[in-house]
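Participant: Take a look and give me a structure for this.
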Amino acid sequence: MLAAPVLALLAPRGLAWAAATLVSLMAFAIAVQLTILVLAGQVPGYFMGSWPAPFGIELRIDDFSVLMLLVLTGASTVALIGGRQSIDLEIETERQPLFYSAWALALAGLAGIIVSADAFNVFVFMEISSLASYVLIAGGPDRRALPAVFKYLIMGTIGATFYLIGIGLIYLMTGTLNLADMELRIHEVGDQRPILVAAGFITVGLALKAAVFPLHVWLPNAYTYAPNIVSVFMAACATKVSLYVLLRFDFFVFQQNLTQHDIQFAAFLMPLAVAAIVVGSAVAVFEKNLKRLLAYSSVAQVGYILLGASLVSVAGLTASLLHMFNHALAKGALFMAVACLATRLGGLRIPDLRGVARTMPLTTAALVIAALSLIGIPGTAGFVSKWYLISALLGMGGLGIMLIAVVVIGSLLAVVYVWRIVESLRSLENAESNKPGEAPMMLLLTTMAASLANLWFGLSPALPIELAQRSAAALLVHLP
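Facilitator: Sure thing, here's the model as predicted:
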């Protein structure tokens with residue numbers, strides 16, 4: 001946040017990019033250090049202004065927090081390191097310092113949401129990240145980004161307003177904004193109806209922010225018309241952070257305080273998760289624009305995350321949190337590959353990809369590996385989280401078998417739309433218009449690294465599995 005105004009003043013070409021990348025890299029290093037502390041059994045915390053909670057504002061890190069911080073800072077760093085050439089193609093030189101300033105604010109806002117233990121400050125950081133994200137999406141040369149951003153702004157404002165109304169109701173009944181204190185004081189509230197109404201407002205508001213089906217209408221155009229590197233950042237992080245807040249509120253504050261809320265939570269989210277998997281994947285099958293196809297795929301992947309959470313069990317929640325991490329790996333790598341393609345192709349429609357496998361073999365390989373992880377092929381990160389999800393569903397009897405069928409159908413639909421991409425990449429029909437050669441070296445290397453990370457965490461998934469299991473156990477610790 002302190003770097004943002006400085007970045008806006010760095011006029012020389014490349015200096016703003018270097019400074020923004022350094023800031024993001026330092027944030028990633030801090031996230032790694034916090035992960036080491038948390039795995040060692042520590043719970044880092046900080047009281048702003050030395051005012052102890054619940055009277056002051058508390059920043060707090062736990063297993064769930066560091067899992068999301070690794071995703072956020074890692075995606076930002078990879079996108080910035082590899083994305084300079086892509087940004088140079090899409091953002092005018094004189095506007096780049098402001099672009100990188102908005103990037104730093106978006107990173108600060110999303111990180112603030114993750115580390116804040118105060119419900120109102122989550123809202124403050126939410127607005128900071130949202131306003132900066134609107135600037136990032138609208139910063140490219142495509143004028144269609146402007147109506148996309150306007151729709152995103154309207155939906156995001158409604159979501160933030162709903163969240164704020166819910167927080168206001170809880171504060172009215174408990175007199176506190178600290179999440180841990182809120183969880184304790186709700187026990188003392190005689191009339192639980194305002195708390196139940198608050199839970200509804202907060203859930204719907206955050207579902208809007210997280211693009212939960214059918215509240216996803218802002219997402220496809222926002223991802224499609226944003227600058228390519230911004231799509232990498234948004235796809236890996238934006239919806240995940242909103243889901244983080246949704247799960248933390250529901251399991252940490254509401255589940256143990258509201259009677260039969262686990263049943264209500266499952267009854268509300270499970271059908272939406274199933275619909276997201278089927279509808280999002282089915283629409284992606286018929287999409288002709290590559291970025292829009294991947295955007296609808298993200299709607300389906302949010303469905304997998306919610307399906308695991310709706311089981312309200314350690315196994316289901318572990319699968320959900322693990323898929324948040326693994327989907328960020330796969331979708332981030334896919335959008336990095338899209339950025340590589342955009343440097344050589346005249347368009348990003350499926351027919352525009354013809355012959356790319358011959359002219360850009362390394363980019364094609366990276367895209368295919370990330371796509372296999374998205375499907376859930378064994379040996380990739382996506383397979384690990386889907387295996388955990390299916391294992392959790394097996395313990396539910398007949399309903400679990402039906403839900404497993406939905407997961408399998410979603411994965412088969414993913415095979416179909418991924419095969420459409422691969423088939424076009426391998427085709428040589430009308431491929432003469434493509435520029436020969438690979439993407440710029442740094443962009444290509446980071447894309448390959450992001451893609452290979454899907455194999456690394458598919459073959460050696462111990463770190464995200466441990467963080468996801470510990471996070472799930474902590475979120476469900478108060479439930480019988």
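Participant: so where's the stretch 201-350 of the chain shaky on pLDDT?
Facilitator: Along the stretch 201-350 of the chain, the model assigns pLDDT under 70 to residues 255-262.
Participant: Tell me which residues of stretch 371-387 come out buried.
Facilitator: Residues of stretch 371-387 classed as buried by neighbour count (16 or more other Cβ atoms under 10 Å): 371-377, 380-386. For the C-beta atoms, the positions are set from N, CA and C on the backbone; glycine is no exception.
Participant: Show residues contacting that stretch.
Facilitator: Identification of contacts with stretch 371-387 by Cβ atoms under 8 Å, 6 or more residues apart in numbering yields 297, 301, 304, 319, 322-323, 325-327, 329-331, 333-334, 369, 407, 411, 414-415, 418, 421-422, 453-455, 457-459, 461, 464-465.
Participant: Please apply the same query to stretch 449-468.
Facilitator: 35, 38-39, 63-64, 66-67, 78, 318-319, 321-322, 325-326, 329-330, 332-333, 336-337, 365-367, 369-370, 372-373, 378-384, 388.
Participant: so how far is the first residue of it from its last?
Facilitator: Taking Cα to Cα, to the nearest Å, the first and last residues of stretch 449-468 lie 23 Å apart.
Participant: Can you get me the centre-to-centre distance for that stretch and its chain?
Facilitator: Here stretch 449-468 is found 16 Å from its chain centre; the criterion is Cα atoms, centre = their mean, to the nearest Å.
Participant: For it, give the mean pLDDT please.
Facilitator: For stretch 449-468, mean pLDDT is 91.
Participant: now stretch 357-376
Facilitator: Mean predicted confidence for stretch 357-376 is 89.
Participant: Could you give the separation of it from the chain centroid?
Facilitator: Here stretch 357-376 is found 21 Å from its chain centre; the criterion is Cα atoms, centre = their mean.
Participant: got the buried residues for it?
Facilitator: Per 16+ other Cβ under 10 Å, stretch 357-376 contains these buried residues: 357, 359-360, 362-376.
Participant: Output that stretch in PDB with nothing but the alpha carbons.
Facilitator: Only the C-alpha atoms of stretch 357-376 are listed here, as PDB (Å, rounded to 0.1, in the frame of the first residue of the first chain):
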ATOM      1  CA  ALA A 357       1.500 -26.300 -31.900                       C
ATOM      2  CA  ARG A 358       4.000 -26.100 -34.700                       C
ATOM      3  CA  THR A 359       5.000 -22.400 -34.300                       C
ATOM      4  CA  MET A 360       4.900 -22.300 -30.500                       C
ATOM      5  CA  PRO A 361       5.600 -25.800 -29.200                       C
ATOM      6  CA  LEU A 362       6.700 -24.800 -25.700                       C
ATOM      7  CA  THR A 363       3.700 -22.500 -25.100                       C
ATOM      8  CA  THR A 364       1.400 -25.300 -26.400                       C
ATOM      9  CA  ALA A 365       3.000 -27.800 -24.000                       C
ATOM     10  CA  ALA A 366       2.600 -25.500 -21.000                       C
ATOM     11  CA  LEU A 367      -1.100 -24.900 -22.000                       C
ATOM     12  CA  VAL A 368      -1.800 -28.600 -22.300                       C
ATOM     13  CA  ILE A 369      -0.200 -29.500 -18.900                       C
ATOM     14  CA  ALA A 370      -2.200 -26.800 -17.200                       C
ATOM     15  CA  ALA A 371      -5.400 -27.900 -19.000                       C
ATOM     16  CA  LEU A 372      -4.800 -31.500 -17.900                       C
ATOM     17  CA  SER A 373      -4.500 -30.300 -14.300                       C
ATOM     18  CA  LEU A 374      -7.800 -28.400 -14.800                       C
ATOM     19  CA  ILE A 375      -9.400 -31.700 -15.900                       C
ATOM     20  CA  GLY A 376      -7.900 -33.600 -13.000                       C
END
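Participant: Determine the number of other residues adjacent to Leu136.
Facilitator: 25 (other Cβ atoms under 10 Å).
Participant: you'd agree it is up against Ala106?
Facilitator: Yes: using Cβ atoms under 8 Å, Leu136 makes contact with Ala106 at a distance of 6.2 Å.
Participant: Quick check: neighbours shared by these two?
Facilitator: By the contact definition Cβ under 8 Å, 6+ apart, Leu136 and Ala106 are jointly contacted by Phe233.
Participant: Run through who's touching the helix or strand harbouring Gly200.
Facilitator: If you go by DSSP states H and E, Gly200 is part of helix 193-209. Identification of contacts with helix 193-209 by Cβ under 8 Å, 6+ apart yields 126, 155-156, 158-167, 169-170, 172-173, 186, 189, 215, 239, 242-243, 245-246, 249-250, 254, 257-258, 261, 268.
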